[in-house]
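# the amino acid sequence is not available; the structure is as follows:
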């Protein structure tokens, strides 16, 4: 049968493993976002260059300088743009998809991180409760032995030989009050 500590150890190991995998996925997805953005950027640069080239030809022609190849160049630029625009839209869609996948993976990793921190805090709390219980038991044993020794030594007129420091007494009284034990 698993003890509470083993339960937490198993949970912490499991969450740590899941978090490691989630971080690896996140790293992969980050590279995919970067690659998608780079590809989209290259297509966008080509579209921009073609648009600039077309604008230069149109401006030159508007200024009265006509070239023999202008019509063919404009037609070729238009055909290239018509071919590249759907590719650019598809590339933008891939960037959006990659970012969404990265965002979801990031949220999952963050959730795992929070659950790991919470589980570690619960394990620490339960270990400290067990330690406090042990200290309380030892303190009661010590006080009982001190009272017995004081009685054998002739007592102190009904007054205990030892009293809890004020800070300890105040803290224990506050805990008992919060727990409804007063």
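The structure has been received and is ready for your questions. This structure is a prediction, so every number in the text was calculated from the model and none was measured.
# quick check, central residue of the protein?
residue 110 (2.5 Å; CA atoms, centre = their mean).
# what's the distance between that residue and residue 116?
11 Å (CB to CB, to the nearest Å). Bear in mind the C-beta positions are built from the backbone N, C-alpha and C, glycine included.
# tell me which residues in stretch 159-166 are buried?
By 16 or more other CB atoms under 10 Å, stretch 159-166 has no buried positions at all.
# swap that for stretch 16-26, please
Using 16+ other CB under 10 Å as the test for burial, stretch 16-26 gives 18, 19, 22, 25, 26.
# Serialize the residues you listed to a markdown table and add fields for secondary structure, distance to residue 102 and pLDDT.
Below are the buried residues of stretch 16-26 laid out as a markdown table (DSSP: H, G, I helix; E, B strand; the rest coil; distance: CB to CB, whole Å; pLDDT from 0 to 100):
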| residue | secondary structure | distance to residue 102 | pLDDT |
| --- | --- | --- | --- |
| 18 | helix | 18 | 97 |
| 19 | helix | 16 | 97 |
| 22 | helix | 12 | 97 |
| 25 | helix | 9 | 97 |
| 26 | helix | 7 | 97 |
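# distance check, the residue of the chain most remote from its centre against residue 45.
Distance from the C-alpha centroid of the chain, by CA atoms, centre = their mean, peaks at residue 154 (64.0 Å). For residue 154, the distance to residue 45 equals 98 Å [CB to CB].
# and for residue 9?
Distance, residue 9 to residue 45, using CB to CB: 54 Å.
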